[in-house]
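K.L.:
sequence and predicted structure below; questions after.
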Amino acid sequence: MKVSFDFWNNYSFRSALLIIVVACLPFTGWLERFDWMIYDKISYWKQFIPDDQIVIIAIDEKSLQTIGRWPWSRRIHAELIDRLRQAGRNVVALDFLMAESDDNDPEGDRLLGLAIARHGAVVLPIAPIVEPDSQKISLVQPLPMFQRNALLGHVDVELDYDGVARRLFLFAGVNSPDWPALGYVLVRKAGGINAVSDSDYLIRSEINIPGTSDYWVRSHEVLIPFAGSPGTYPRISYERILNDDLVLQQLNNKIIIVGMEAIGLHSGFTTPVTSNHRLMSGIEWHANVVNMLHSGNTINPLAKFWIVFISIIWVLIALIGVNFIQRNKVIFLLMTVMALGMLLVWIMFDFFHVWIAPSAGLIGLILVYPLWSWSRINEFMQSLFITKTFSFNALESVGDGVITTDAESRIVYMNSEAERLIGIGIEQLKGSLLYELLDIKVVRRSRSIEIREISTLVKNIPQLQDQYRLKNYDESKRMVRVMHQSLFDEHKVLMGSVVTISDITDTVELKQQVSHQAHHDSLTMLPNRTLLLAKLDQMVESAQQTTSIFAVFNIVIDEFKKINDALGHRAGDSLLKLVTQRLQAIIGEQNVIARWSGDEFMVLFASAQDALQLVPNVAQDIIDSISHRFELDGQEIFVTASIGISLYPQDGQTGESVLSHAASAMGLAKQHGGNQFSFYLPDKVTDWTKDKLALEKDFRLALKNNELDVFFQPIINVQLRRVVRMEALVRWIHPIRGFLPPGDFVPMAEQIGLINQMGELVLYKACKLARELEKIAGPISISVNVAPRQLLQKGFIQIVETIINEVGLPAELLVLEITESAIIGDMVLASEILSDLKSLGILIALDDFGTGYSSLSLLRELPIDILKIDKSFIRTIDGNVHDFTIAQTIIGLGKNLGKTVIAEGVETANHMKILRDHACYLQQGFYFSRPLPFAQLIRYFEKNELAVATLCEYSPTD
């Protein structure tokens with residue numbers, strides 16, 4: 001890799017600075033804690049084997065209970081030493097100070113001195129203290145009678161800056177390191193010292209700790225390789241040695257340490273192997289020292305001069321190497337050099353028992369990368385400046401208002417859109433409090449929230465979003481969405497916030513239109529089924545409280561299908577509007593009239609206190625009014641109506657039962673020829689029920705004998721001018737009743753629990769015929785309607801997969817159409833089922849889109865591929881501005897979300913052209929073709945290709 005002279009010169013200078021920093025770091029002590037952390041990890045992973053020659057005799061709680069409170073008479077210690085002498089040859093250390101005579105039992109002191117002399121291998125501790133009177137350092141030593149025949153060793157424990165005891169100085173003393181460590185004396189007496197080296201590269205300098213006039217001097221620093229966590233070494237209770245002769249047999253040729261472990265008599269130390277906050281007692285710490293010296297596993301820390309030398313070599317390798325490899329491999333090189341260096345540290349620790357502090361070298365390696373990429377950092381800073389400039393310009397150009405505040409909610413910045421929405425500039429508002437600026441109230445929460453409350457909330461909530469009504473300085477009111485994002489530093493301290501204000505006035509107004517459409521019929525503008533049921537529940541609750549009654553009218557236009565067949569759906573829609581006007585004139589505003597279905601209306605008649613006289617009169621007025629002449633497009637039309645009436649609470653205790661009984665009564669009116677009304681009479685309903693039972697019996701037989709037919713209605717791509725999809729529709733030709741539309745038997749199948757069986761049959765036939773059609777006309781998608789109960793049944797996915805595999809239909813050619821009612825009851829289960837269907841390659845279409853209350857939210861929650869605009873919007877698209885706006889919105893929504901949009905109910909060339917001009921190219925309806933049986937469908941493909949193209953090209957003249 002070629003490097004320019006200027007860059008090399010700058011790089012060399014920066015490298016020299018880095019080498020100087022690395023050389024100085026080991027002498028500063030700044031990295032000592034980090035070095036110890038690394039050492040502790042390595043020491044924890046590499047635990048040495050405990051020496052079974054080491055035994056701990058513990059003064060524990062059991063010993064205190066048996067012998068008594070501490071301190072004990074020294075004749076007890078004399079007895080202990082004598083019993084240990086009887087056990088055989090061993091070396092004993094008493095890890096507690098005995099610097100003063102026992103005034104209560106002087107004889108005990110004499111006996112202990114004699115026991116020590118008889119044993120001949122007892123080690124006693126000495127320790128430094130600062131005398132409070134003279135402020136001099138002196139040694140706490142055993143009584144002369146004890147020293148005379150004992151060995152002495154210091155018990156000074158060195159704690160590092162982090163409070164961990166991991167080091168030992170083998171020699172220490174006042175002004176001169178004359179005294180060996182207690183563990184050193186024990187091992188030497190046992191004849192096993194082989195761990196102390198005098199090599200020049202190890203630390204051997206004396207360390208002076210100032211008192212006032214004397215110094216406690218220590219030398220020969222070593223690191224202790226611990227053999228395990230606290231509790232590793234075997235313990236024998238002090239009282240057992242005195243009372244149990246069997247235990248003495250285990251103590252021959254042992255190194256014995258006697259000391260405190262009872263709670264309250266020792267404090268303990270934190271060590272690199274400490275876990276679960278369990279401290280290591282002093283006697284076990286000495287046992288680890290003995291184990292280290294006896295086994296020759298002393299860890300010797302490397303002198304700082306050699307640490308500097310190794311760290312510099314380590315960093316130099318990286319500094320040179322980064323200039324001879326590709327840029328994208330620099331980090332890999334640095335990681336490799338770092339790993340090799342740490343491997344060297346491990347090898348020196350594990351095999352040579354030498355500790356090399358690696359922190360200086362690691363810091364140097366970490367700094368190599370920014371040093372090497374200095375020019376790139378400069379480029380980054382320039383890029384950051386450019387990004388900041390771009391961000392400012394972007395904030396000024398976005399369509400949302402943006403406000404930034406400090407930690408006290410004082411305004412720091414506003415973009416031009418925020419100034420426009422609020423009606424005042426940043427110059428007048430900078431430094432003002434946010435809640436003093438905005439006069440807004442939450443309109444989507446259950447209660448109104450002032451902005452002052454919001455400013456309190458956001459101190460504890462990082463994100464807050466809601467919809468508000470904004471009254472700005474020019475007194476205009478807008479609907480806005482305010483989103484608050486709190487900004488915190490690395491310590492979770494609030495630094496400020498960003499407030500985004502989006503003007504959603506137009507969106508809210510459109511949603512209100514859609515919401516109104518969700519509760520009202522788009523053709524007649526009457527309340528729809530959803531709103532009627534809500535009103536009915538309210539009236540039932542009110543009637544229960546006031547013991548009042550009300551009536552339910554079920555009104556159906558007789559022979560309405562003939563109007564549609566003869567004059568078309570557009571004429572039928574016009575007739576329904578005229579009927580609505582006449583019903584409203586009779587019913588009045590105090591009662592509720594709703595469109596229940598195609599030609600069916602429901603009336604909730606509250607003024608029914610004198611029901612037997614008033615309700616019949618109203619019903620007859622309705623029949624008379626509807627029977628009068630209608631004029632449609634210059635033609636006179638005459639229709640009649642059948643009305644069923646039920647009373648609450650006389651005919652039912654619930655709203656559902658009253659509605660059902662009104663429908664039953666309407667059935668009776670139709671049975672008697674129509675153009676009349678009928679009250680609900682249970683006895684008369686019986687005959688009508690028998691007819692329903694007969695129809696149910698015939699349906700079960702038809703389903704069993706595979707007598708249901710599947711018709712196909714083409715879906716045309718008007719841009720390509722050809723059929724691209726088909727919708728499969730179930731039909732039943734009854735042997736006596738003749739052709740029955742789906743509305744006569746599909747609801748019945750739902751009621752009697754045969755909807756799943758029927759749906760499976762229709763799905764199988766549709767897929768099989770689609771497979772046959774594929775051989776004739778090529779691949780064409782087939783859409784099949786799925787009932788709510790069918791979709792949520794157990795095993796539905798396996799049924800679909802089995803059918804498409806059996807008939808050989810590619811999964812991507814199958815579209816399953818669902819309605820909102822199929823999924824709104826159990827959104828989670830429906831989402832899982834649809835996702836599994838999607839994983840098979842099957843497409844999902846949402847039928848009758850725009851008529852449901854939750855249609856918009858379904859697009860976010862469910863994996864929908866296709867939106868089918870409900871035919872109620874299409875029929876009046878060329879005459880109703882609201883339906884046109886909603887249809888146009890759905891087309892735009894589908895395009896923005898990447899969904900396919902299909903328009904149902906296209907009946908005229910004008911419908912086709914309006915939809916085509918607004919980029920809705922997939923269309924379906926009587927304008928192109930009625931649903932066809934399979935045989936006619938084949939002929940349709942063979943002969944109607946030119947006719948379809950002609951229909952797609954047609955443009956009506958003004």
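P.N.:
Here it is on my side, so go on.

K.L.:
give the full set of residues in contact with the nearest residue to residue 777 once chain neighbours are set aside.
P.N.:
Counting by Cβ to Cβ, 6 or more residues apart in numbering, residue 777 lies nearest to residue 941, which is 4.7 Å off, once chain neighbours are set aside. C-beta here means a position set from N, CA and C on the backbone, and glycine is covered the same way. Counting by Cβ atoms under 8 Å, 6 or more residues apart in numbering, residue 941 touches 723, 773, 776-777.

K.L.:
in which helix or strand does residue 941 reside?
P.N.:
Here residue 941, judged by DSSP states H and E, is contained in helix 934-943.

K.L.:
from the chain's centroid, how far away is that helix?
P.N.:
53 Å (Cα atoms, centre = their mean, to the nearest Å).

K.L.:
try stretch 800-811
P.N.:
36 Å.

K.L.:
buried stuff in that stretch?
P.N.:
For stretch 800-811, a neighbour-count test (16 or more other Cβ atoms under 10 Å) marks 800, 803-804, 807, 809, 811 as buried.

K.L.:
repeat that for stretch 105-114.
P.N.:
So for stretch 105-114, counting by 16+ other Cβ under 10 Å, buried means 108-109, 111-113.

K.L.:
mean confidence (pLDDT) on that stretch, please.
P.N.:
Averaged across stretch 105-114, pLDDT comes to 91.

K.L.:
again, but for stretch 926-938
P.N.:
89.

K.L.:
now the terminal residues of that stretch, how far apart.
P.N.:
By Cα to Cα, to the nearest Å, the extent of stretch 926-938 from end to end equals 18 Å.

K.L.:
how distant is that stretch from the center of its chain?
P.N.:
Distance, centroid of stretch 926-938 to centroid of chain: 49 Å (Cα atoms, centre = their mean).

K.L.:
repeat that for stretch 708-718.
P.N.:
Counting by Cα atoms, centre = their mean, stretch 708-718 comes out at 43 Å from the chain centroid.

K.L.:
output that stretch as PDB, restricted to C-alpha atoms.
P.N.:
C-alpha atoms of stretch 708-718 as PDB (Å, rounded to 0.1, in the frame of the first residue of the first chain):
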ATOM      1  CA  LEU A 708     -74.300 -27.100  -4.900                       C
ATOM      2  CA  ASP A 709     -72.800 -25.300  -8.000                       C
ATOM      3  CA  VAL A 710     -69.900 -22.900  -8.300                       C
ATOM      4  CA  PHE A 711     -70.300 -19.900 -10.700                       C
ATOM      5  CA  PHE A 712     -67.500 -17.600 -11.700                       C
ATOM      6  CA  GLN A 713     -67.600 -13.900 -12.200                       C
ATOM      7  CA  PRO A 714     -64.600 -12.500 -14.200                       C
ATOM      8  CA  ILE A 715     -62.400  -9.700 -12.800                       C
ATOM      9  CA  ILE A 716     -61.100  -7.500 -15.700                       C
ATOM     10  CA  ASN A 717     -57.900  -5.500 -15.900                       C
ATOM     11  CA  VAL A 718     -59.200  -2.600 -17.900                       C
END
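
K.L.:
and that stretch, average pLDDT?
P.N.:
92.

K.L.:
of the contacts of residue 941 - the most surrounded one?
P.N.:
For those, the largest number of neighbours (other Cβ atoms under 10 Å) sits with residue 723, at 21 neighbours.

K.L.:
which pLDDT value belongs to that residue?
P.N.:
89.

K.L.:
do residue 303 as well
P.N.:
Value listed for residue 303 in the pLDDT field: 83.

K.L.:
quick one, strands of the stretch 701-850 of the chain?
P.N.:
708-717, 722-734, 738-740, 781-785, 814-818, 843-849 (DSSP state E, counting those that start in this stretch).

K.L.:
JSON lines for the ones you listed, including distance to residue 163?
P.N.:
Shown next, in JSON lines, are the strands of the stretch 701-850 of the chain (distance: least, Cβ to Cβ, whole Å):
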{"stretch": "strand 708-717", "distance to residue 163": "79"}
{"stretch": "strand 722-734", "distance to residue 163": "77"}
{"stretch": "strand 738-740", "distance to residue 163": "90"}
{"stretch": "strand 781-785", "distance to residue 163": "74"}
{"stretch": "strand 814-818", "distance to residue 163": "67"}
{"stretch": "strand 843-849", "distance to residue 163": "64"}
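
K.L.:
of these, which is nearest residue 236?
P.N.:
Smallest distance to residue 236 across those (Cβ to Cβ): 76.6 Å, for strand 843-849.

K.L.:
one step back: widest-spaced pair of the contacts of residue 941?
P.N.:
Greatest spatial distance among the contacts of residue 941 (Cβ to Cβ): 723 and 776, at 12.1 Å.

K.L.:
that older thread, run the angle between the helix holding residue 941 and strand 708-717 for me.
P.N.:
20 degrees (axes from the mean of the first three to the mean of the last three Cα atoms, to 10 degrees).

K.L.:
still on that earlier bit, of the strands of the stretch 701-850 of the chain, which approaches residue 386 most closely?
P.N.:
strand 843-849 (45.5 Å).

K.L.:
could you chop the protein up by domain?
P.N.:
Listed by automatic domain parsing, the domain ranges of the chain are 5-43+302-376, 49-296, 398-503, 511-680, 710-953.

K.L.:
least confident of these, on average?
P.N.:
domain 398-503 (a mean of 66).

K.L.:
that older thread, could you dump the buried residues of stretch 105-114 to TSV with distance to residue 51?
P.N.:
Shown next, in TSV, are the buried residues of stretch 105-114 (distance: Cβ to Cβ, whole Å):
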residue	distance to residue 51
108	33
109	33
111	32
112	28
113	30
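
K.L.:
and which of those is nearest to residue 50?
P.N.:
Looking across those and measuring by Cβ to Cβ, the closest to residue 50 is residue 112, at 30.0 Å.

K.L.:
which other helices and strands contact the one helix or strand the closest one maps to?
P.N.:
Following DSSP H and E, one finds residue 112 within helix 106-119. Counting contacts by 3 or more Cβ pairs under 8 Å, 6 or more residues apart in numbering; DSSP states H and E, helix 106-119 is packed against helix 74-86, helix 144-147.

K.L.:
okay, angle between that helix and helix 74-86 too, please.
P.N.:
20 degrees.

K.L.:
angle of the following helix or strand past helix 106-119 against helix 74-86?
P.N.:
Sequence order places strand 122-130 as the next helix or strand after helix 106-119, per DSSP H and E. Between strand 122-130 and helix 74-86, the angle comes out at 140 degrees (the same axes, to 10 degrees).
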